[in-house]
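Asks: Generate coordinates for the sequence data below:
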Amino acid sequence: MAMGRVWDRKKKERNIARSWHVRTFEIYHLNDARVLEKTGRRSRAVGSAARFYNIFFYFPFNLPLPAIHSKYIHTYASLQFHLSIALSNLISAHQIFSKTKEKMAVEITEFLLSAQSPDAKVRTEAENRLRQFQEQNFPGFLLSLSHELSTDVKPLESRRLAGIVLKNSLDAKDAATREHLVQRWMSNDVSIRSQVKGLLLFTLGSSVSEAGHTAAQVIAKIASIEIPKKEWPDLIGSLLGNMTQQDTPASLKQATLEALGYVCEEISHNDLVQDEVNSVLTAVVQGMNVSEQSSVRLAATTALYNALDFAQSNFENEMERNFIMKVVCETATAKEADIRQAAFECLVSIASTYYDVLEPYMQTLFELTANAVRGDEEGVALQAIEFWSSICDEEIELQDFESDDSSPHSNFIKKALPLLVPMLLETLLKQDEDQDQEDDIWNLAMAGGTCLGLVAKTVGDDIVPLVMPFVQDNISKPDWRPREAATYAFGSILDGPSVDKLSPMVISALDFLLNAMRDQNSHVKETTAWTLSRIFELLHSPDAGFSVISPANLQRIMVVLLESIKDSPHVAEKVCGAIYYLAQGYESFEAGSSVLTPYLPDIITSLLAAAERTDAHDTKLRSAAYETLNEVVRSSNLVESSQIITQLLPVIMTKLGQTIELQIVSSDDREKQGDLQALLCGVMQVIIQKLSSSDGTKVIIFQAADQIMMLFLKVFACRSSTVHEEAMLAIGALAYATGPEFAKYMTEFYKYLEMGLQNFEEYQVCSISVGVVGDICRALEDKILPYCDNIMTLLLKDLSSGDLHRSVKPPIFSCFGDVALAIGEHFEKYVSYAMPMMQGAAEVCAQIDINDEEMVEYSNQLKKSIFEAYSGILQGFKSSKADIMLPHAPHLLKFIEVVAKDSCRDESVVRAAVAVLGDLADALGAKVKMHFKDMAFCGEFLGECLQSEDEQLKETATWTQGMIGRVFSVCG
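Replies: Predicted coordinates:
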């Protein structure tokens, strides 16, 4: 049971069965069609093929620095060789498809079938033929696929593959690949595109329902490309025509409604005019009518879900809103469970999108959801609970902005509390017997408990008197289900009510819960351990002045936890969580952190034993044990625990060394080795950071540094991306600890750093590698100089890449500042390359859509990193070549002004902007006086910052004001 509590609540996702749709399929992946059909996964060989094509397509021929490695040249030569072979193959392809000059669509059934042959030779030959056709005559290729899909007499297998290939010729997950596919589609002649679209619209009426379903998906992908460009204005009209014709077959209605739904899912609500939206909603709502066939009603209800974002104006109109709500509520009582579930999914979306107009319908909605929760199938009941969870989400968010009178807070949860809470408590008794055996299980009891927790956050103290009678009535019953449910209910309401309300109740319950850790039922023990972890997380904060843990009960708590960590793996995992939060509470409370010191040896021994258990293969116990060990080390009082942590260091080093000697005979063995190495590298990082935080213990790291680094290099040689990430973080800590002495490891380490900086596919590794460059720069200072040409080449290449995830790019700009600060005047040769990148990124920030929260957040990260880059460069040049930055001062000041006037600016961005303003004045002095005179915003901006409640910002603003004042005082 308790597994669900530590998860983030599962948000509902649209998950329509798309039996012919495989997102990762590309035309040159045909040999894995059978695998994809069954698993939806690409094979290793397919991934390699995809990477080969991406390398070729995106190879950077114009790196800004001359330091292009010879291996790039070798790769280029190799690619030219492969290209020459491909071109020779096109000659034979021309013979095969010579008739395409007269007739664009050709017969490809044989090749599509052969591409699925179990005979590798036949499959490969067919794949090559199809690839050659695609490369030689892409328009004809698209027409041939469309013709195959639209022809009912063709074999089902060839039509299925034609649909897969056609769709994946238009779309890809990767943004850069998708943009390439979009451009390739739009480069086709209008007549070709019209023919393809016509065939797809025709296929909606196919007697084979799967064909119509696939055509609907492909239509939506084309719509996502063309409708924003106003290229397919008659699409909606064509689809609606299918719905308004008399005697339209049910199969055509179903496919058309699917197409409408997919189109709404793919495009923005701004892409349709209101008349089109009205027509779509009318057709969809009519399709939900009880007189329609079940397949049509389900497709219509699903389409409505996708169209709800477009219905803003309709929901503002009371009559139209009433009609939509009436139809959805009626559909929620349909005799078919899948239709009822789809209707409740619509209600969940309506709760989130149109919360402010729900008041008139809440009585009906409560009755519908209560009936579903208490008596419907689980899939329907889960969505009914999700409706109330979504209402909670909205009201919690509104409470964060309660000072804004324009926010309509209807207090639906508070009004429904007397009826809602008993309904949710009932669900807690509907546990599955084996629910703790699977990590990904999600049932009614888990959903109900999660919702109960959200209700507690929404109404605070008011929930306590409604839940505690249930707890008291059930906590001691002989059946395990009531005991577990009562414990779960108690743990679920701990986040929301006030400390004053909860503390007496929790203190009195603590002894009972500790006894319950000896319950005969493992479900009860697991949920009890989870509840204890919640108590320690939420009600144990000595630094803030309150804690349910005292010297009087700490010993009993530790005895019970260290005994229970030997229980079944699922119980032990939750016990690790309790120890984690118990230790974390002392992390920032130096006066009390020594309270745990007497228990540290036993805690560490128990956690190491838990991590080594052989009966925990299918659980997360090992990772929980090591993560808890990390927190115990972090939270310890170093003065008292240095000897204990010092003794732990060789233990972890030995374990890490043993992983390198493991016999690897399968990919599963390699994965397990990598996971264990990653965990151990994580522990090494924490130990290094802890011991190097004091001059008295830093010597321990110095003495062991050679052995530690040798271990990390051996780990890197295992070539696991997961380990690469964790080992990189640990090496960053080692570099910080050893300072200039780290230079002796650079020769061996640099090749792995370079690999990390080039790892676009696993961008987290790339991002961490960028961070480690910064750590090393701070450690080595000018000793990093011999590696800077190569590092800067790679960083600039990363910034130029369309393949690299955008989240890596802000750290790269910050890294520019680290490099400049480390090498000072030697950064001069990189300025002409770095500055255009920084200024271009600043212009990108100015074009961000302020209504896109995700992009606003990214923009703030980018702004902050650009300012950090400027600060590092200005400080690096300050003592000798500050004038190099004088031509860039106007642009920097203009960028600061943009940020100063930005209503969405983040506090961290403001601090960085104020700091770089001071750095500019400090580095360039009197030479920037005229620039400051032209920037009237500076005084007002600094004035605002000086009035801030952020002490760090006020301190920085005061220093910057002094630097600017000095500029003018020196000039007279």
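Asks: what stretches of the stretch 801-950 of the chain score poorly on pLDDT?
Replies: For the stretch 801-950 of the chain, the stretches flagged by pLDDT under 70 are 934.
Asks: residue ranges of the helices in it, please?
Replies: For the stretch 801-950 of the chain, the helices defined by DSSP state H, counting those that start in this stretch cover 809-823, 828-846, 853-877, 889-900, 907-924, 929-933, 937-946.
Asks: Dump the fourth one to PDB, keeping only the CA atoms.
Replies: It stands for helix 889-900. Output in PDB follows, covering the C-alpha atoms of helix 889-900 (Å, rounded to 0.1, in the frame of the first residue of the first chain):
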ATOM      1  CA  ALA A 889      29.100  47.400 -22.400                       C
ATOM      2  CA  PRO A 890      26.100  49.000 -24.200                       C
ATOM      3  CA  HIS A 891      24.600  45.700 -25.100                       C
ATOM      4  CA  LEU A 892      25.100  44.400 -21.500                       C
ATOM      5  CA  LEU A 893      23.500  47.600 -20.000                       C
ATOM      6  CA  LYS A 894      20.600  47.300 -22.500                       C
ATOM      7  CA  PHE A 895      20.100  43.600 -21.500                       C
ATOM      8  CA  ILE A 896      20.100  44.600 -17.800                       C
ATOM      9  CA  GLU A 897      17.500  47.300 -18.500                       C
ATOM     10  CA  VAL A 898      15.200  44.700 -20.300                       C
ATOM     11  CA  VAL A 899      15.400  42.500 -17.200                       C
ATOM     12  CA  ALA A 900      14.800  45.400 -14.800                       C
END
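Asks: for that helix, packing partners?
Replies: Contact analysis of helix 889-900 by 3 or more C-beta pairs under 8 Å, 6 or more residues apart in numbering; DSSP states H and E lists helix 828-846, helix 853-877, helix 907-924, helix 929-933, helix 937-946 as its packing neighbours. Any C-beta I mention is one placed from the backbone N, CA and C, and that applies to glycine too.
Asks: The longest one too?
Replies: With contacts taken as 3+ C-beta pairs under 8 Å, 6+ apart, helix 853-877 sits against helix 809-823, helix 828-846, helix 889-900, helix 907-924.
Asks: at 10 Å what do you get?
Replies: Applying 3 or more C-beta pairs under 10 Å, 6 or more residues apart in numbering; DSSP states H and E, we find helix 853-877 packed against helix 763-780, helix 809-823, helix 828-846, helix 889-900, helix 907-924.
Asks: can you list those helices in CSV and add distance to P504?
Replies: Listed next are the helices and strands packed on helix 853-877 as CSV, based on distance: least, C-beta to C-beta, whole Å:
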stretch, distance to P504
helix 763-780, 45
helix 809-823, 47
helix 828-846, 51
helix 889-900, 49
helix 907-924, 37
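Asks: Turn those helices into JSON lines, columns for mean neighbour count and distance to S692.
Replies: Shown next, in JSON lines, are the helices and strands packed on helix 853-877 (neighbours: other C-beta atoms under 10 Å; distance: least, C-beta to C-beta, whole Å):
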{"stretch": "helix 763-780", "mean neighbour count": "23", "distance to S692": "11"}
{"stretch": "helix 809-823", "mean neighbour count": "24", "distance to S692": "19"}
{"stretch": "helix 828-846", "mean neighbour count": "17", "distance to S692": "31"}
{"stretch": "helix 889-900", "mean neighbour count": "20", "distance to S692": "35"}
{"stretch": "helix 907-924", "mean neighbour count": "23", "distance to S692": "26"}
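Asks: re the thing from before, for T124, which of the helices and strands packed on helix 889-900 is the nearest?
Replies: helix 853-877 (42.3 Å; C-beta to C-beta).
Asks: buried ones in that closest one?
Replies: 855-856, 858-877 (16 or more other C-beta atoms under 10 Å).
Asks: now stretch 321-331
Replies: By neighbour count on 16+ other C-beta under 10 Å, the buried set for stretch 321-331 is 321, 324-325, 327-329, 331.
Asks: can you pull out the strands in this protein?
Replies: For the chain, applying DSSP state E gives strands covering 540-541, 546-547.
Asks: In JSON lines: those, plus mean neighbour count, mean pLDDT and distance to R534.
Replies: Putting those into JSON lines (neighbours: other C-beta atoms under 10 Å; pLDDT from 0 to 100; distance: least, C-beta to C-beta, whole Å) gives the following:
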{"stretch": "strand 540-541", "mean neighbour count": "18", "mean pLDDT": "90", "distance to R534": "10"}
{"stretch": "strand 546-547", "mean neighbour count": "16", "mean pLDDT": "88", "distance to R534": "14"}
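Asks: can you redo the ones you listed as CSV with distance to Q341?
Replies: Formatted as CSV, the strands of the chain follow (distance: least, C-beta to C-beta, whole Å):
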stretch, distance to Q341
strand 540-541, 41
strand 546-547, 44
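Asks: Nearest to E336 among those strands would be which one?
Replies: When the strands of the chain are ranked by proximity to E336 (C-beta to C-beta), strand 540-541 comes first, at 49.7 Å.
Asks: Give me the residues contacting that closest one.
Replies: Strand 540-541 has contacts (C-beta atoms under 10 Å, 6 or more residues apart in numbering) with 499, 506, 546-549, 581-586, 588-589.
Asks: cutoff 6 Å now
Replies: Contacts with strand 540-541, where a contact means C-beta atoms under 6 Å, 6 or more residues apart in numbering, come from 547, 549, 585.
Asks: go on, stretch 575-592?
Replies: Here stretch 575-592 makes contact (C-beta under 6 Å, 6+ apart) with 529, 532-533, 536-537, 540-543, 561, 564-565, 593, 596, 624-625, 628, 631-632, 635.
Asks: so can I have TSV of the helices and strands packed on helix 889-900 showing distance to I339?
Replies: Output for the helices and strands packed on helix 889-900, formatted as TSV (distance: least, C-beta to C-beta, whole Å):
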stretch	distance to I339
helix 828-846	46
helix 853-877	33
helix 907-924	48
helix 929-933	67
helix 937-946	56
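Asks: closest one to I463 among those helices?
Replies: Comparing those by C-beta to C-beta, helix 853-877 comes nearest, at 29.7 Å.
Asks: quick one, that closest one and helix 828-846 angle?
Replies: 150 degrees (axes from the mean of the first three to the mean of the last three C-alpha atoms, to 10 degrees).
Asks: Now for D803, how many residues are close by?
Replies: Using other C-beta atoms under 10 Å, D803 has 16 neighbouring residues.
Asks: any idea how far the residue lying closest to S498 once chain neighbours are set aside is from L502?
Replies: Excluding the flanking residues, the one nearest S498 by C-beta to C-beta, 6 or more residues apart in numbering is D461, at 5.8 Å. For D461, the distance to L502 equals 9 Å [C-beta to C-beta, to the nearest Å].
Asks: neighbour-wise, which of those two wins?
Replies: Each of D461 and L502 has its neighbours counted (other C-beta under 10 Å); L502 has more, 21 against 13.
Asks: got a pLDDT number for that one?
Replies: The model reports L502 with a pLDDT of 94.
Asks: Check the spacing between it and A957 real quick.
Replies: Distance of L502 to A957, given as C-beta to C-beta: 40 Å.
Asks: Check P836 too.
Replies: P836 sits 30 Å away from A957, going by C-beta to C-beta.
Asks: Same question for E179.
Replies: On the measure of C-beta to C-beta, E179 and A957 end up 42 Å apart.
Asks: Neighbour count for these two, which is higher?
Replies: Legend: neighbour count by other C-beta under 10 Å for E179 and A957, higher for A957 (25 against 12).
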